[in-house]
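Undergrad: give the three-dimensional model of this entry:
(one chain, ligands or ions: 2)
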Amino acid sequence: MTGRTIALHVFASAKGGVGKSTLAIACAKLLSEEGRTCVLLDADFTGTSLADGLLLCAPLVASADGALDFYAPPTQRFLSREETIRLRMRRKDATLEEQFPAPPFLNDIFLHGDLKQECQIEALCWRHEDRDDRVLYLPSSPLGKDIGIALGWLFRDQAFTWLQRLTWLLEGMASQQAALTDVVIDLPPGLHGFAHEVLVLLSYISSGREMPTGFPAWHEQRDKLVWEARPFLITTPDRNDVILALEYYARHRKDLSELRVLLNRNVTTSIEQLRTDIRAYTEVEIGLDQVPLTVIGFLSPLSKVFQDRTLRLNPEVRALKKQLRVTEEG
Ligand SMILES: Nc1ncnc2c1ncn2[C@@H]1O[C@H](COP(=O)(O)OP(=O)(O)O)[C@@H](O)[C@H]1O
Ligand SMILES: [Mg+2]
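TA: Residues are numbered from 1 along each chain as shown. Ligands and ions are numbered 1, 2, ... in the order given. Model prediction:
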């Protein structure tokens, strides 16, 4: 018996500003245009929130006192942009005693202890103002106090625990959303801490290995549900950035055979030149020719993604379907 499959598309990078969010959004939108049901988890808790980058509308989930109700079923109702912004302002001014004020952010779901229980994840998802956009979004919080809390989890020894929570979140989404086919994860910059742990999780998924105690028993349920790993490592043609990506790839390719390196925003750099440079300047264990490298050119309309905030699917973005593995290559 073959079960259901949910693909996990994960976007990681050594540095910030390389196009992780842009490509994660493009991937999610292309998937949903294919008729798939896709949730975009904005797990970059360093403050560059998709709630700032896109015209997102928060879901209606607050109880009467303005606190989040983690157990209410989805209302399918969303606030207007104005109401969303007003709520965000209110949250900014909320005191520490007011736990989890609306609107919901991915941070809240991670910090709320009860992921294994009945936390209604779909009810906490946001939608784009443009309702033709069918992606469900869980944005990270851009608020200073939330970032402060998140960084403790991301960069200290608690990364592992947050990874555990991510797996229970995915488990909840899979069981509550029968139609779910894809989860796209936009990671924080850096290939250490939480971001690295998520990539390690993908290596468990693709090998079907048993995960440690305290994680869902996905390896036993493969007749019902198979998670499919689609890890991407984004780099610009900047030589130093490429070197970091290659080094990471070289160290982890054995366990992460699905990993693809996306060379984004490539304007003029020839791969040949990069190859020569890298050979001349470093001792990375691997040559560019041994890496599954996909080149994404400089996309002028995409560069406006955080200005017009709609990221319409123009032909240039549509052309990324293969690179982003929305339709299988070959
Ligand atoms: N292929 C591309 N062509 C042109 N501009 C791009 C491309 N990819 C990303 N950008 C632009 O680069 C900037 C950083 O991208 P972003 O996705 O926010 O990076 P990250 O999430 O890695 O920090 C944004 O202004 C984005 O519009
Ligand atoms: Mg980003």
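Undergrad: quick check: which element contains E171?
TA: Using DSSP states H and E, E171 falls within helix 159-176.
Undergrad: report all helices and strands that the very next helix or strand once past that helix contacts.
TA: Next helix or strand after helix 159-176 toward the C-terminus (DSSP H and E): strand 182-186. Applying 3 or more Cβ pairs under 8 Å, 6 or more residues apart in numbering; DSSP states H and E, one finds that strand 182-186 makes contact with strand 4-13, helix 20-33, strand 38-42. Heads up, the C-betas are built off the backbone N, CA and C, glycines and all.
Undergrad: returning to that earlier point: what's the angle from the helix holding E171 to strand 182-186?
TA: When axes from the mean of the first three to the mean of the last three Cα atoms, to 10 degrees is applied, the directions of helix 159-176 and strand 182-186 differ by 150 degrees.
Undergrad: any buried residues in helix 159-176, and which?
TA: The neighbour-count check on helix 159-176 (16 or more other Cβ atoms under 10 Å) flags 159, 162-174, 176 as buried.
Undergrad: the residues you listed: which two are farthest apart?
TA: Largest separation among the buried residues of helix 159-176 by Cβ to Cβ: A159 and Q176, giving 25.8 Å.
Undergrad: on that earlier part again, closest to S206 out of the helices and strands packed on strand 182-186?
TA: Set against S206 and scored by Cβ to Cβ, the helices and strands packed on strand 182-186 come closest in strand 4-13, at 9.8 Å.
Undergrad: by contact count, what packs against the closest one?
TA: Judged by 3+ Cβ pairs under 8 Å, 6+ apart, strand 4-13 is in contact with helix 20-33, helix 159-176, strand 182-186, helix 193-207, strand 225-235.
Undergrad: distance from the fourth one to the middle of the chain?
TA: Spelled out, it's helix 193-207. 13 Å (Cα atoms, centre = their mean, to the nearest Å).
Undergrad: out of the helices and strands packed on strand 182-186, indicate the one that is most buried.
TA: Comparing the helices and strands packed on strand 182-186 by mean neighbour count (mean count of other Cβ atoms under 10 Å), strand 38-42 ranks first with a mean of 26.
Undergrad: in its sheet, what does that strand sit against?
TA: Here strand 38-42 has these sheet partners by DSSP bridges: strand 136-138 (parallel), strand 182-186 (parallel).
Undergrad: out of everything not next to it in sequence, what's closest to the closest residue to ligand 2 within the stretch 101-250 of the chain?
TA: Proximity of the stretch 101-250 of the chain to ligand 2 (Cβ to the ion) peaks at D186, 6.0 Å away. Residue nearest to D186 in three dimensions, not counting chain neighbours: A24, with 4.1 Å by Cβ to Cβ, 6 or more residues apart in numbering.
Undergrad: swap in L115?
TA: Ranked by Cβ to Cβ, 6+ apart and with sequence neighbours excluded, the top spatial neighbour of L115 is W168, at 4.1 Å.
Undergrad: now the helices for the chain?
TA: For the chain, helices defined by DSSP state H occupy the ranges 20-33, 50-53, 81-93, 106-111, 144-155, 159-176, 193-207, 239-252, 271-281, 315-318.
Undergrad: the first one: how far from the chain's middle?
TA: Between the mean C-alpha point of helix 20-33 and the mean C-alpha point of its chain there is a distance of 10 Å (Cα atoms, centre = their mean).
Undergrad: what angle do it and strand 38-42 make?
TA: 170 degrees.
Undergrad: so is helix 20-33 next to ligand 2?
TA: Yes. Using Cβ under 5 Å from the ion, we find that helix 20-33 touches ligand 2 at 20-21.
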